[in-house]
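Colleague: Provided below are the primary sequence and the corresponding predicted coordinates.
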Amino acid sequence: MVSMTTRSSARQRLAARLVIAVVLVLAMIALSLAVVHGQVARFDQGIITTLRAPNQGSLGLLAGWVSRLGSAPVWDLLLFFVAVACWLKGWRTEAAILVVGIGTTEVFSAILRLIVDRPRLPGADATDFLSLAGFPSGHAVRTIVGVGLLLGLSAARRPVWWLAVAIGIAFVILVGWARIASGAHYPTDVVGGYLLAAFILNLLRAVRLLCHAPLMWFLDADLC
């Protein structure tokens, strides 16, 4: 039987995830409405003027390569290979969460882009499968979710944990910059991508808590 302390702890963690999810949803709704009503145009234009990189030159090339790495055909395929490796190693739950994370990211991003339907910048490249709209940035969403899930795989390796976190943060910031600097997205598209990615990671974490903690109000056993 599961102790009352264990049940209470599991409830508290799931409740915390629910609160975080509500806050992130409200933030996404507020930003989406601001985008739809044009309330962020001045902010976007100011950031674009500062960060826009020339098509030619080292910064332009860097932005292009980072954007290619974060595209769905490249990034999702890399995560899929990691999921296969996890499955072969016997980490079945981790592999399943990676695959679910890939699919959830693309579906949620496409749904939000279809709802907001924000046109991209003139001449912007559109590499997403399901929608050509710009909000949120699919690159920002998928790279943050991917980095977050990969950091979860390395969490047990404490000596390299903070190094991995630093590299992951630097990479997702670089991706956000690349999408703005290359003229593919408005800055608020990237911010929206960050918010959606945080929501997806929080959702996946809640699922994992349900898998590895007792479902206290139904069973005294693990779900997974």
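Modeller: Noted; the coordinates are in hand.

Colleague: avg pLDDT for stretch 115-130?
Modeller: Across stretch 115-130, pLDDT averages out at 71.

Colleague: Ok, stretch 203-215 next?
Modeller: Stretch 203-215 carries an average pLDDT of 69.

Colleague: Please apply the same query to stretch 25-35.
Modeller: Averaging pLDDT along stretch 25-35 yields 94.

Colleague: From the rest of the structure, what touches that stretch?
Modeller: 40, 112, 115, 116, 118, 135, 188, 191, 192, 195, 196, 199 (Cβ atoms under 8 Å, 6 or more residues apart in numbering). Just so you know, the C-beta spots here come from the backbone N, C-alpha and C atoms, and that holds for glycine as well.

Colleague: make it 6 Å
Modeller: 40, 116, 118, 135, 188, 192, 195 (Cβ atoms under 6 Å, 6 or more residues apart in numbering).

Colleague: between these, which is nearest residue 181?
Modeller: Distance ranking of those against residue 181, using Cβ to Cβ, places residue 188 first at 15.2 Å.

Colleague: Backbone dihedrals for the residue nearest to the closest one when sequence neighbours are not counted, please?
Modeller: Leaving aside its sequence neighbours, residue 188 sits nearest to residue 40 (Cβ to Cβ, 6 or more residues apart in numbering; 4.8 Å). Dihedral pair for residue 40: phi -110, psi 10, per degrees, to the nearest 10.

Colleague: now the strands for the chain?
Modeller: For the chain, no strands are identified by DSSP state E.

Colleague: Need the single longest helix in it, by residues.
Modeller: Longest helix of the chain, by residue count under DSSP state H: helix 4-36.

Colleague: Give the buried residues for that helix.
Modeller: 7, 10, 14, 17, 20, 21, 24, 27, 28, 31, 32, 35 (16 or more other Cβ atoms under 10 Å).

Colleague: ok, back up a step: now tabulate the contacts of stretch 25-35 in a markdown table and tack on neighbour count and distance to residue 83.
Modeller: Converted to a markdown table, the contacts of stretch 25-35 look like this (neighbours: other Cβ atoms under 10 Å; distance: Cβ to Cβ, whole Å):
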| residue | neighbour count | distance to residue 83 |
| --- | --- | --- |
| 40 | 19 | 36 |
| 116 | 20 | 30 |
| 118 | 19 | 31 |
| 135 | 28 | 28 |
| 188 | 23 | 31 |
| 192 | 29 | 26 |
| 195 | 24 | 25 |
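
Colleague: out of those, who's nearest residue 97?
Modeller: residue 195 (20.6 Å).

Colleague: if I pick the closest one, what's in contact with it?
Modeller: 24, 27, 28.

Colleague: hang on, the earlier thing: if I look at the residue nearest to residue 188, how far off is residue 33?
Modeller: For residue 40, the distance to residue 33 equals 10 Å [Cβ to Cβ, to the nearest Å].

Colleague: do residue 206 as well
Modeller: 26 Å.

Colleague: Just checking, which helix or strand of the protein averages the lowest pLDDT?
Modeller: Within the chain, no helix or strand scores below helix 4-36, which has a mean of 83 by mean pLDDT, DSSP states H and E.

Colleague: who are the neighbours in contact with the residue nearest the centre of the chain?
Modeller: Nearest to the geometric centre of the chain sits residue 197, at 2.7 Å (Cα atoms, centre = their mean). Residues in contact with residue 197 (Cβ under 6 Å, 6+ apart) are 141, 144, 145.
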